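> sequence plus predicted model, see below.
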Amino acid sequence: MNRLAPSPAARWIIGAVVGLVFVIPFLATFLFTLSSPDGSYSLDRWVALFDPENARRYAPIWTGLANSLVLAGVTVLIVLFLFTPTMVLVALRFPKLRRGFEFLALLPITIPAIVLVVGLAPIYLQIGRTLGTGAWTLAFAYGILVLPFTYRSIQASIDAIDVKTLAEAARTLGAGWVTVLVRVIAPNLRQGLLAASLISVAVVLGEFTIASLLNRQVLQTGLVVINRQDAYAAAVFTLLALAFAFVLLLIIGRAGRAGTGRTPS
Amino acid sequence: MTSADTPPRTLPSTSDNLLIADAGEGTRVEFRGVVKEYGSTRVLHGVDLDIAPGEFVSLLGPSGCGKTTALRVLAGLEKATAGEVRLGGQDVSAVPTNRRDIGMVFQSYSLFPHLRVADNTAFGLRRRGIGKKDAATRAADALELVGLGHLADRFPHQLSGGQQQRVALARALVTEPRVLLLDEPLSALDAKVRVQLRDEIRRIQLRLGITTVFVTHDQEEALAVSDRIAVMNAGRIEQIGTPEDLYLNPATPGVAAFIGVSSVVAGVVEGDVVTVWGVRLPLQAPSEPGPVDVFLRPENLRLADGDAPGMDAIVQESTFLGSFRRTLVRTSDGALVRVQHAATDRVEYAERVRIALSADPVAVRPRERERD
């Protein structure tokens, strides 16, 4: 064993402390959603959420969630069909652009959302005139927002294979460019693309600032609205959203690990 | 080097292998004044090359000589700046790679990692619109041809390097392309596998009658398998000829240096003999009288007793090569010369030896004026 690694006991302690830091807020929120004014605990609020009678009350959340899911879908499409082919193109044809491209892709993480919105507002004025003000149009902004997160996972997959030789081999075997992308390169980027897609979904579902400042209704803005009326319901929805993100992260982790030990079925 | 201890594998017979049954005449390949420039750097200076149908031609040269670029231009992976490439008499310069009907094996492993060996092999057939079943049958025959029929269900990462290159060869051949392009396919393999696969590529090529262009920097490889070799240097073909031709009559010092391991020493031509170190040797080909460079191959030279006609020399290094030894010596007039001799004649570093010449005909080249 590595001499620098902490002893098993120390590791358990570190794990426990970190675990507590994570778990306590969740647990507190969960107990909060269960507590009644009289001090007893019940699942009533969780059940009430899905009661048709309350549909009107929680409408902002459901509208927001539906919009967010559409946005997540469109954002993933942007990542898969615009961003990924561009990255492959850079790797194949313009390797010299890689540094600059990486810089551009990572840039959004350094720009505060407020600044982004200031820049985006006039653009959305135009988008509103041409494409309408449908909720899905926010995906253009989200497509930029997720660049830093998706870039890393896709680039790692591209670096793991010899894209250039694979593409050339496929070309000599009679494949056109579309076939090369769809049948040769994409299947070998599978894990990177899956991870990028899931991260995009997680980012989109968690985004608040841009949506709020551009007056769009998404999951997070809905949560804020509900929070003003009913703090308990907001807490329940927050826990649900977190659980969903947690599951996504688990799947990403699994996908990453599956890549290292692929075996024939 | 010998061709490994295992006897060569027998190729499948005509009746049960579609690829062998379809063996054809091969396609003519022509380079016409092909020039390739990257920005202001010119890497091919007007290459002309005529390859007969069914011929196995090697492009041989040091790295950076343009041999791979020439092959990539032929494949359509690079666009020539000027000149044209013809396949079967037709100018294909404007035809994209995927419509040139070629097969290519790359230096680095190029199997598709997500496809099983059988699907990798069938890839080109499927792109040509051949049905799944037919493609599978043909792919199986191609794998049989390279001796890997039993590995059809494996994934590339489960194969050795040599096996991967065999599959790549099967994948390139299965579509019965007009020309087979080999871009240093053996350079990543270890010595024994390299020789085995090299010989097998040649046997399969002869059997299928497919025109083949083989890029290599290894002169032994080129000499062993080629019908003709084009020796390239600095973007030009310096000489093209049969292996025997190049070995016996190198046209330039570059070729001489690259083919075999000739040493170059000074001599003087008079009539039909050349005098080297006071020894008169017959000429391979007539030459103008006067000072010349003489190409001496290791087997032209031997270690001799102290007073034999020849030259005194000092041993620089000596390499044991199995049945013989090759020793590099510096003669007393300053030339570096390689001598081949029996492995039992051991020599030590810095030992004084006497070098004698055998009376075989030698190749010469008039001395360039500026070197006088």
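Arrived safely, thanks for sending.
> okay, and the helix or strand of chain A with the least pLDDT?
None of the helices or strands of chain A scores lower by mean pLDDT, DSSP states H and E than helix A:231-260, at a mean of 78.
> that one: which residues count as buried?
Residues A:232-239, A:241, A:245, A:248, A:252, A:255, A:259 are the ones in helix A:231-260 that count as buried (16 or more other Cβ atoms under 10 Å in any protein chain shown). Every residue, glycine included, has its C-beta placed from N, CA and C.
> and that helix, how far from the chain's centre?
The chain centroid and the centroid of helix A:231-260 are separated by 10 Å, computed with Cα atoms, centre = their mean, to the nearest Å.
> what pLDDT does the residue lying farthest from the centre of chain A get?
Most distant residue from the mean C-alpha position of chain A: residue A:38, 39.4 Å away (Cα atoms, centre = their mean). pLDDT recorded at residue A:38 is 80.
> did I read that right, it in a strand?
No. Residue A:38: not assigned to a strand; according to DSSP: H, G, I helix; E, B strand; the rest coil it is coil.
> show me what contacts the residue in the stretch 1-150 of chain A positioned nearest to chain B?
Taking Cβ to the nearest Cβ, chain B has its nearest neighbour within the stretch 1-150 of chain A at residue A:92, 11.3 Å off. Neighbouring residues of residue A:92 by Cβ atoms under 8 Å, 6 or more residues apart in numbering or on different chains: A:163, A:164, A:167.
> what's the helix or strand for residue 26?
In the absence of a named chain, chain A is used. helix A:8-34 (DSSP states H and E).
> the chain in question should be chain B.
Residue B:26 belongs to no helix or strand when assigned by DSSP H and E.
> cool, and residue A:57?
Using DSSP H and E, no helix or strand contains residue A:57.
> what's the answer for the one 3 residues further on, then?
Element membership for residue A:60, per DSSP H and E: helix A:59-78.
> buried set for that helix?
A:60-61, A:63-65, A:67-76, A:78.
> just those now: which is nearest residue B:130?
residue A:76 (34.8 Å; Cβ to Cβ).
> and the pLDDT for the closest one?
94.
> identify the residues contacting it.
So residue A:76 contacts A:197, A:200, A:201 (Cβ under 8 Å, 6+ apart).
> sorry, back to before: the helix holding residue A:26: what's the following helix or strand?
Next along from helix A:8-34, by DSSP H and E: helix A:44-49.
> what's in contact with the lengthiest helix in chain B?
Among the segments of chain B that qualify as a helix by DSSP state H, the longest is helix B:191-208. Outside helix B:191-208, the residues that touch it by Cβ under 8 Å, 6+ apart are B:1-4, B:6, B:8-9, B:11, B:19-20, B:23-24, B:56, B:145-147, B:160-162, B:165-166, B:169, B:173, B:180, B:182, B:185-187, B:189, B:212, B:214, B:221, B:224-225.
> convert it to PDB, retaining C-alpha atoms only.
Taking Å, rounded to 0.1, in the frame of the first residue of the first chain, the C-alpha atoms of helix B:191-208 are listed here in PDB:
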ATOM      1  CA  ALA B 191      11.100  -8.500 -35.500                       C
ATOM      2  CA  LYS B 192       9.900 -12.000 -35.800                       C
ATOM      3  CA  VAL B 193       6.200 -11.100 -36.500                       C
ATOM      4  CA  ARG B 194       7.400  -8.500 -38.900                       C
ATOM      5  CA  VAL B 195       9.300 -11.000 -41.100                       C
ATOM      6  CA  GLN B 196       6.400 -13.500 -40.900                       C
ATOM      7  CA  LEU B 197       3.800 -10.900 -41.900                       C
ATOM      8  CA  ARG B 198       6.000  -9.400 -44.500                       C
ATOM      9  CA  ASP B 199       6.400 -12.700 -46.300                       C
ATOM     10  CA  GLU B 200       2.800 -13.500 -46.000                       C
ATOM     11  CA  ILE B 201       1.700 -10.100 -47.400                       C
ATOM     12  CA  ARG B 202       3.900 -10.900 -50.500                       C
ATOM     13  CA  ARG B 203       2.400 -14.400 -50.900                       C
ATOM     14  CA  ILE B 204      -1.200 -13.100 -50.600                       C
ATOM     15  CA  GLN B 205      -0.400 -10.300 -53.000                       C
ATOM     16  CA  LEU B 206       1.000 -12.700 -55.600                       C
ATOM     17  CA  ARG B 207      -2.000 -15.000 -55.200                       C
ATOM     18  CA  LEU B 208      -4.500 -12.200 -55.600                       C
END
